[in-house]
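> How does the following fold in three dimensions:
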Amino acid sequence: MFISPQHPLKRFFFASNQILRQGRTYSTEGNFEHAYVLLLRFTEIVINRLPEHPGWKDRSNPALVAERKAIKAEVLSVLTEVEELKKDLLLRYEAEEEAAAQAAAREEEAVAAAASYA
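Numbers count the residues shown, from 1 in each chain. Now for the predicted structure:
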């Protein structure tokens, strides 16, 4: 996400919170791949992109200061969620890979058995 200094920081807070909400919705629905992508995107925006905006360091607006603190606190819990999702996804992918390898081995055995009868 490109963070334009011409747009107010509040707009980027809203967009990043929308990404967070959609990522958590995906997670509760069991769509863990999409959840992982969106939650990771949220953390990347908050940690790397938002601090580039000139309004990030502005302390004159108490509402923005409070929102910045809230979003920074939220990103820590989201990082934990992302780590857990990554572990779960890796386990699932490894299980799928193992099942595919076993299916391929059974198919090879069946082909070899059929060839020996011919």
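> May I see the buried residues of whichever strand or helix holds residue 14?
According to DSSP states H and E, residue 14 maps onto helix 9-29. By 16 or more other C-beta atoms under 10 Å, the buried positions in helix 9-29 come out as 9, 12, 13, 16, 17, 19, 20, 22, 23, 24, 26, 27. In short, each C-beta sits where N, CA and C put it, glycine included.
> Rebuild those residues as a markdown table, extending it with pLDDT.
A markdown table is the format used below for those (pLDDT from 0 to 100):
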| residue | pLDDT |
| --- | --- |
| 9 | 89 |
| 12 | 92 |
| 13 | 93 |
| 16 | 95 |
| 17 | 95 |
| 19 | 97 |
| 20 | 97 |
| 22 | 98 |
| 23 | 97 |
| 24 | 96 |
| 26 | 97 |
| 27 | 95 |
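> could you dump those residues to a markdown table with distance to residue 73?
As requested, those are exported to a markdown table (distance: C-beta to C-beta, whole Å):
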| residue | distance to residue 73 |
| --- | --- |
| 9 | 17 |
| 12 | 17 |
| 13 | 13 |
| 16 | 13 |
| 17 | 13 |
| 19 | 17 |
| 20 | 12 |
| 22 | 20 |
| 23 | 17 |
| 24 | 16 |
| 26 | 22 |
| 27 | 19 |
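> What is the nearest of the residues you listed to residue 58?
residue 9 (7.8 Å; C-beta to C-beta).
> any idea how far the closest one lies from residue 75?
Taking C-beta to C-beta, to the nearest Å as the measure, residue 9 falls 15 Å from residue 75.
> Check which helices and strands whichever helix in the chain runs longest is in contact with.
The helix that spans the most residues within the chain, counting by DSSP state H, is helix 62-117. Helix 62-117 is packed against helix 9-29, helix 32-44, with contacts defined by 3 or more C-beta pairs under 8 Å, 6 or more residues apart in numbering; DSSP states H and E.
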